[in-house]
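1. pasted the sequence and its predicted model underneath.
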Amino acid sequence: MTSTPLITAAELRERLGEENLRIIDATVHLTFDADGAHVASGRESYLQGHLPGAVFVDQIADLSDPDGEAPFAAAPSEKFASVIGAAGIGDESTAVVYDTVNGIWATRLWWQFGLEGFDNVLVLDGGYAAWTEAALPTETGESSYPASTFSAARRPERIVSTDEVAASTEDSSVLLVNALDRESFAGGHIPGSVNVPFGELVDEAGKLKPLDDLRALFSDAGALDPAVRPVTYCGGGIAATAAALALRTLGRDDVAVYDGSMNAWTADPARPLA
């Protein structure tokens, strides 16, 4: 069990070469246009440059469930275990995840590890940008680790369904935390939600803000109240994991993620929006 979910570039540099260290590039490219959201694998950008020894894991193709209630739904436990084990991450590994974009794909994989009962996972604070800005070494092409055995043990309390969220709108012990930007939140959100935008959790360099700043954001929203259980959500269950990680740094280990998020909630036009 790690004491913090973050590792700095300098700290990771000192640990390169450790026998059980496994570094994972979790990049997904997300773009928006008039037709909506589009995702593309980060494999090509990984091949063009990645941390020494890092492997690439395709979260869209390999760690999402095409039969889930919304796009990006978390893959079943056995699928996750198969993919992660094949990538060389086993029960004795220390996993470090990062991405080359805005960090939320790294936190998504961090959350999926935790969902499957694995806590020895860290997120590179500031991601690939922090590594390269520190002039630390990178590699190109494909890297790999020997295949390993990963034992998944799902924690059902860390993920909630649309039916559970619908019920929670009448439950004062659950606090829905929307991690989208303030404009999107104002345009429509699940009734009873509060807004803590994921973009406000990090500084200009993409690193998590100091704990006092995070504490103020979440405290103002009521998410640090011990009488409530935070459930984070966003558009598709990705940015929600950044809020979950920030809450974890503040000591909350009871956070759940609404995996389907607004994609699933708005699939039925009868569901209310505030």
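-> Structure received. Residues are numbered from 1 along each chain as shown.

2. how long is stretch 202-218 from one end to the other?
-> End-to-end distance of stretch 202-218: 13 Å, with Cα to Cα, to the nearest Å as the criterion.

3. average pLDDT across it?
-> When pLDDT is averaged over stretch 202-218, the result is 96.

4. please apply the same query to stretch 38-55.
-> 94.

5. mind saving the C-alpha coords of it as PDB?
-> These are the backbone C-alpha positions of stretch 38-55, laid out as PDB (Å, rounded to 0.1, in the frame of the first residue of the first chain):
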ATOM      1  CA  HIS A  38     -13.400  11.500 -30.600                       C
ATOM      2  CA  VAL A  39     -10.800   9.200 -29.000                       C
ATOM      3  CA  ALA A  40      -7.600   7.900 -30.600                       C
ATOM      4  CA  SER A  41      -5.000   5.500 -29.300                       C
ATOM      5  CA  GLY A  42      -1.800   7.100 -27.900                       C
ATOM      6  CA  ARG A  43       0.400   4.300 -29.300                       C
ATOM      7  CA  GLU A  44       1.900   6.400 -32.000                       C
ATOM      8  CA  SER A  45       2.900   9.200 -29.700                       C
ATOM      9  CA  TYR A  46       4.300   6.500 -27.300                       C
ATOM     10  CA  LEU A  47       6.500   5.100 -30.000                       C
ATOM     11  CA  GLN A  48       7.800   8.600 -30.800                       C
ATOM     12  CA  GLY A  49       8.900   9.100 -27.200                       C
ATOM     13  CA  HIS A  50       8.300   7.500 -23.700                       C
ATOM     14  CA  LEU A  51       9.900   7.100 -20.400                       C
ATOM     15  CA  PRO A  52      12.800   4.600 -20.200                       C
ATOM     16  CA  GLY A  53      11.400   1.000 -20.200                       C
ATOM     17  CA  ALA A  54       7.800   2.200 -20.300                       C
ATOM     18  CA  VAL A  55       5.200  -0.100 -21.900                       C
END
